[in-house]
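K.L.:
Provided below for reference: sequence and predicted model.
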Amino acid sequence: MFYREAGEFKTSYVDDNQTFPIRFDRYRYYFVLFAAFLVIPFAVNDYWVNAVFMPFLIYSIAAIGLNILVGYCGQVSLGTGGFMAVGAYACYKLMTAMPEVNIFFHVLMAGGITAMVGMAFGLPSLRIKGFYLAVATLAAQFFLVWLFNKVPWFYNYSASGQISAPERTVFGIAVTGANTSAWASYMFCLVFVFICGILARNLTRGTQGRKWMAIRDMDIAAEIIGVDPLKSKLSAFAVSSFFIGVSGALFFSVYLGAVEVGEAFGITKSFLVLFMVIIGGLGSIFGSFAGAAFLVLLPVLLKNVLVGMLGWPTDLAAHLEFMIVGAMIIIFLIAEPHGLAQLWRVAKEKLRLWPFPH
Amino acid sequence: MSNEEGYVTADGRKIGGTLMEMKNITLRFGGVKAITDISFDIKEGEIRAIIGPNGAGKSSMLNVISGFYVPQEGEVWFKGAKRPQMRPYQVAQQGIARTFQNIALFEGMSVLDNVMTGRLNYMKSNILHQAMWKGKAEKEEVENREAVEKIIDFLEIQSIRKTPVARLPYGLKKRVELARALAAEPMLLLLDEPMAGMNVEEKEDMSRFILDVNDEFGTTIALIEHDMGVVMDLSDRVVVMDYGKKIGDGTPDEVRSNQDVIDAYLGVSHD
């Protein structure tokens, strides 16, 4: 009923290769884009942008990046926080060293720098796999955070050891600094999410994606059909780190404004993004969004329900929130180990046949 | 029979010159000799079988050809030139494709994507083209899709095109794996026990496909198989191995009447 394929005939391979081959899906996608770009910016206030939309958008980029590495290429990484820090510090250095360049390009360049750092830390993946690789990337996490704490050049010798974003504008509208309006920072992040989402989708649906997935599913067979494991693993690290770097740059410059590295980009950040990817669904772009939404929205929702509706004291609610979120993650992973994306897929298959399943 | 210039088979097919030649290959794992001083050749357009009892070193031989194992002694010659030491993916780029004894498909991908991976050597667009998609990457995708659809038609797996491989039964998986190898349009196709674990019908299907591949695409095929009936019917020439040594080489009829081969398969009386 909802997903009627009947009457939709693909007459070219281009049609068949579309991201949303079913018309209904395609319209829903356009509707979401329309709402995100033309409705939400006019309707949001500070609270919604800062508590909900910005963390969701920024973590979505990070989750897409990590999903490419873990979900598509099968290389486990616990260095996400460290790579986000690289993006943030690269962005900060670029912003202060080249104030005349638009911040848009600073963020992209920060992504590029993170990609190179990611490739360097991806080199061990050629020799080690699985948990051992996870430990190697954990080393990246601790090393990078230590580096940004120890070397004053990275935080421009500021007395507090923090980095804080100066005001920068796009088309004359401030997107970083104290005078930023909510809708502007929202739009700035949204543009990056839109670009990153499309790039990630293109990379994963074509040759490159198939190389990554081949390495993930069976690396020996991948090599025998002509996949160069060195190139594909390193390209996965590079692309993944690019996205994570972009998200780190946005997290620092647009969202937080001022950052202390150990606090903002510690090991908990790595785990948070990894949870998003696992809960959302490994190997799915939609899953990255779903996972980010789940882990960003759930605490906000719980807080509103517990404090706002039930009238519990804030400290009690804050502690219970941790327990409830943890329990829900466990319950969820037992019920559906393949994540939200799989739930969505099953629901779609059912809806395709509904109301006549036989 | 086996001269440098090729020959004509019993059913009248013309076989060309030498495509691949193994010269005095010896492969050791520590103290164990898996292959001892074996030489044989594979000629263009023929179906060459490697047979032998369990543990004879057949699969090791195939792994040497496809670059997984590097022999301690001996040379591999391909297309008239000595092959330097290569990684398996470089061997694949030279035009050698293979299937595996226990299926090595990419379980997380659809049949179509699996077969498309076989076309990797023909995909030249770089990662930036891929990211942009429109233009070069899309054009290339469509061109290679057309080639892949021909293979899918040929192996009669149209109906499962978009099914995830993990859901398929064993016989079909074997066929998809063959499709993936064929999509590479290889010069030399290596099949490691293509009929293991199949019922009679599936075996007949697979035999038909192997003969058709050889006939229509002119692909040279080297296969390992346990089913003697199949081997003797399909192949033009047979290498027989036992305990890592070559004990016979020739047409199926010659091999069948070779005393060493009979001994290896039926055992020798020790009285």
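P.N.:
Arrived safely. This structure is a prediction, so every number in the text was calculated from the model and none was measured. Numbering: from 1, shown residues only, chains lettered A, B, ... in the order given.

K.L.:
which residue ranges form the helices in the stretch 1-150 of chain B?
P.N.:
Along the stretch 1-150 of chain B, the stretches classed as helices by DSSP state H, counting those that start in this stretch are B:58-65, B:88-93, B:111-117, B:127-132, B:136-154.

K.L.:
weakest of those in terms of mean pLDDT?
P.N.:
Least confident of the helices of the stretch 1-150 of chain B, judged by mean pLDDT, is helix B:127-132 with a mean of 84.

K.L.:
Pretty sure B:Phe78 sits against B:Gln94.
P.N.:
Yes: assessed by CB atoms under 8 Å, B:Phe78 is found in contact with B:Gln94 at 6.5 Å. C-beta: built from backbone N, CA, C; applies to glycine.

K.L.:
of those two, who's got more company?
P.N.:
Neighbour tally, B:Phe78 and B:Gln94, criterion other CB atoms under 10 Å in any protein chain shown: the higher count belongs to B:Phe78, 21 against 16.

K.L.:
Tell me the confidence at the nearest residue to that one once chain neighbours are set aside?
P.N.:
Nearest residue to B:Phe78, sequence neighbours excluded (CB to CB, 6 or more residues apart in numbering or on different chains): B:Met20, at 5.2 Å. Predicted confidence (pLDDT) at B:Met20: the value is 90.

K.L.:
same question, B:Asp205
P.N.:
According to the model, B:Asp205 scores 89 on pLDDT.

K.L.:
and the gap between it and chain A?
P.N.:
Note on B:Asp205: its distance to chain A, by CB to the nearest CB, to the nearest Å, is 23 Å.

K.L.:
check contacts around that residue.
P.N.:
B:Gly171, B:Arg175 (CB atoms under 8 Å, 6 or more residues apart in numbering or on different chains).

K.L.:
wait, is it part of a helix?
P.N.:
Yes: B:Asp205 forms part of a helix when assessed by DSSP: H, G, I helix; E, B strand; the rest coil.

K.L.:
care to break chain A down by domain?
P.N.:
By the record's domain assignment, chain A is partitioned as A:1-43, A:46-267 (automatic domain parsing).

K.L.:
so which of those comes closest to B:Tyr89?
P.N.:
Closest to B:Tyr89 of the domains of chain A, according to CB to CB: domain A:46-267, at 4.9 Å.

K.L.:
mind listing the strands for the stretch 201-350 of chain A?
P.N.:
A:258-259 (DSSP state E, counting those that start in this stretch).

K.L.:
Tell me the residues on it that lie near chain B, please.
P.N.:
By the rule CB under 8 Å from any CB of the partner chain, the part of the stretch 201-350 of chain A lying against chain B is A:202-203, A:205-208, A:210-211, A:213-214, A:216-218, A:220-229, A:235, A:239, A:283.

K.L.:
What subset of those is buried?
P.N.:
In terms of neighbour count (16 or more other CB atoms under 10 Å in any protein chain shown), the buried residues within these are A:202-203, A:205-208, A:210-211, A:213-214, A:216-218, A:221-229, A:235, A:239, A:283.

K.L.:
on that earlier part again, kindly reformat the domains of chain A as CSV containing mean pLDDT.
P.N.:
Listed next are these as CSV, based on pLDDT from 0 to 100:
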stretch, mean pLDDT
domain A:1-43, 77
domain A:46-267, 89
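
K.L.:
winner for burial among the ones you listed?
P.N.:
domain A:46-267 (a mean of 21; mean count of other CB atoms under 10 Å in any protein chain shown).

K.L.:
Any idea how far apart the tips of it sit?
P.N.:
End-to-end distance for domain A:46-267: 28 Å, by CA to CA, to the nearest Å.

K.L.:
how far does that domain sit from the chain's center?
P.N.:
Relative to the centre of its chain, domain A:46-267 is centred 8 Å away, using CA atoms, centre = their mean, to the nearest Å.

K.L.:
again with stretch B:16-24
P.N.:
Using CA atoms, centre = their mean, the offset of stretch B:16-24 from its chain centre is 15 Å.

K.L.:
got it, and stretch B:84-100?
P.N.:
Distance of stretch B:84-100 from its chain centroid, counting by CA atoms, centre = their mean, is 11 Å.

K.L.:
ok, and for it, which residues are buried?
P.N.:
So stretch B:84-100, judged by 16+ other CB under 10 Å, has buried residues B:86, B:88-100.

K.L.:
Out of those, which are close to chain A?
P.N.:
B:Pro88, B:Tyr89, B:Val91, B:Ala92, B:Gln93, B:Ala97, B:Arg98, B:Phe100.

K.L.:
Quick check: closest non-adjacent residue to the third one.
P.N.:
On the basis of CB to CB, 6+ apart, the spatially nearest residue to B:Val91 that is not a chain neighbour turns out to be B:Gly67, at 3.8 Å.

K.L.:
And the one you found, how far from A:Met54?
P.N.:
51 Å (CB to CB, to the nearest Å).

K.L.:
on that earlier part again, which one, of the domains of chain A, ends up nearest to B:Lys33?
P.N.:
domain A:46-267 (23.7 Å).

K.L.:
Which residue ranges make up each domain of chain B?
P.N.:
According to automatic domain parsing, the ranges for chain B are B:1-95+B:186-195+B:213-271, B:105-185.

K.L.:
Show me how far the last one is from its chain's centre.
P.N.:
With CA atoms, centre = their mean as the basis, the distance from the averaged C-alpha position of domain B:105-185 to the chain average is 19 Å.

K.L.:
What is the end-to-end distance of that domain?
P.N.:
Terminal-residue distance, domain B:105-185 (CA to CA): 18 Å.

K.L.:
Does B:Leu191 touch B:Asn214 like I think?
P.N.:
No: B:Leu191 lies out of contact with B:Asn214 (CB under 8 Å); the separation is 11.0 Å.
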